[in-house]
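# Based on what follows, work out the 3D shape:
(one chain, ligands or ions: 1)
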Amino acid sequence: MLNNLLGIVSNASEHGRVVEHMLEMCHWFMLILGAGWGAFFLLSVYKFRSSKNPKADYHGVKGSVYTHGEVTVILIEASLLLGFALPMWGRRVVEVPNQAEAMRVRAVGEQYAWNFHYTGADGVFGKQSLDFVTASNPLGLDPADEAGKDDIVSKNELHVINQRPVVLEISSKDVIHAVSIPHMRIAQDAIPGTKIPMWFRPIKAGKYEIVCGQLCGAGHYAMRSHVLVENQEEFDAFQKELFQMQHPAATAAK
Ligand SMILES: [Cu+2]
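Now for the predicted structure:
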């Protein structure tokens, strides 16, 4: 209820409802906490008004009810974090589905775009090297590597297959970015020098926004990308089209 009031976008992932439940709980808790502290503030302003207290008291409030209140809040916050949020996060980044079941895509951030690297039919990412990085080869794919001969790279558009789990391997070429997909109820920082997995299962075909979740520079706003949840035929057509564009020699030889 509070989620909708605050304008949450529609859910398109399998685990999304669990995240919504957590958000809803947090929002209610914060609302109660905000109202409680607000009431306490008003009470203090009234109780310690200058006409009643001409001389300042440096000891402040006394009594155990305030300490108990503080401890209760800390306990609720700790159980939300340790009991719910951390295990939920663990299921996204640690309990990653195996390769046979999931589709693997590398998501590499740079100022100011997302590059999505697909394995192609062989299911293996081609070798990469800094030496090969150019404007037309943003991820430095080694042209001589066999495993890379069917790899494709799309810019600012992540194509996935409906109902099939996707494991994103997230990294960055320059500064810290973050893959944030509100409709999939998921986000993860992209940190230079690391490759962090994160997975979700899309359950609704459509086009959803991907935003960069970390302020990464003057062009941060321009990192807006999309995830396209397609059926198998649409995905195959996309893969074929990009393959023909990115491997013209192999296409001509066929
Ligand atoms: Cu960014």
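
# mind giving me the domain split of this structure?
The chain is divided into the following domains under automatic domain parsing: 2-93, 103-253.

# Considering those domains, which stretch scores lowest in mean pLDDT?
Among those, domain 2-93 carries the lowest mean pLDDT, at a mean of 88.

# picking up where we left off before, hey, which of the domains of the chain is tucked in deepest?
domain 103-253 (a mean of 17; mean count of other CB atoms under 10 Å). Yep, even glycine has a C-beta here, placed from its N, CA and C like the rest.

# is any part of that one close to the ion?
Yes. Applying CB under 5 Å from the ion, one finds domain 103-253 touching the ion at 177, 212, 216, 223.

# need the contact list for the first one.
Residues in contact with residue 177, defined by CB atoms under 8 Å, 6 or more residues apart in numbering, are 109-110, 114, 189-190, 212-214, 216, 223.

# Quick check: nearest residue in space to it, chain neighbours excluded?
Spatially, and ignoring its direct neighbours in sequence, residue 177 is nearest to residue 109 (3.4 Å; CB to CB, 6 or more residues apart in numbering).

# rewinding a little: secondary structure added to the residues of domain 103-253 next to the ion, as TSV?
Shown next, in TSV, are the residues of domain 103-253 next to the ion (DSSP: H, G, I helix; E, B strand; the rest coil):
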residue	secondary structure
177	strand
212	strand
216	coil
223	helix
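
# now the end-to-end length of stretch 214-222.
12 Å (CA to CA, to the nearest Å).

# ok, now stretch 131-148?
Taking CA to CA, the first and last residues of stretch 131-148 lie 15 Å apart.

# Then stretch 225-239?
End-to-end for stretch 225-239, by CA to CA: 18 Å.

# What segments of the chain are helices?
2-5, 16-47, 64-79, 86-93, 232-246, 248-253 (DSSP state H).

# so how far is the longest one off the chain centroid?
Between the mean C-alpha location of helix 16-47 and the chain-wide mean there is a distance of 25 Å, by CA atoms, centre = their mean, to the nearest Å.

# list the helices and strands that helix packs on?
helix 2-5, helix 64-79, helix 86-93 (3 or more CB pairs under 8 Å, 6 or more residues apart in numbering; DSSP states H and E).

# What of the fifth one?
Judged by 3+ CB pairs under 8 Å, 6+ apart, helix 232-246 is in contact with strand 152-155, strand 157-161, helix 248-253.

# May I see these organised as JSON lines, with distance to residue 121 added?
JSON lines is the format used below for the helices and strands packed on helix 232-246 (distance: least, CB to CB, whole Å):
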{"stretch": "strand 152-155", "distance to residue 121": "10"}
{"stretch": "strand 157-161", "distance to residue 121": "14"}
{"stretch": "helix 248-253", "distance to residue 121": "12"}
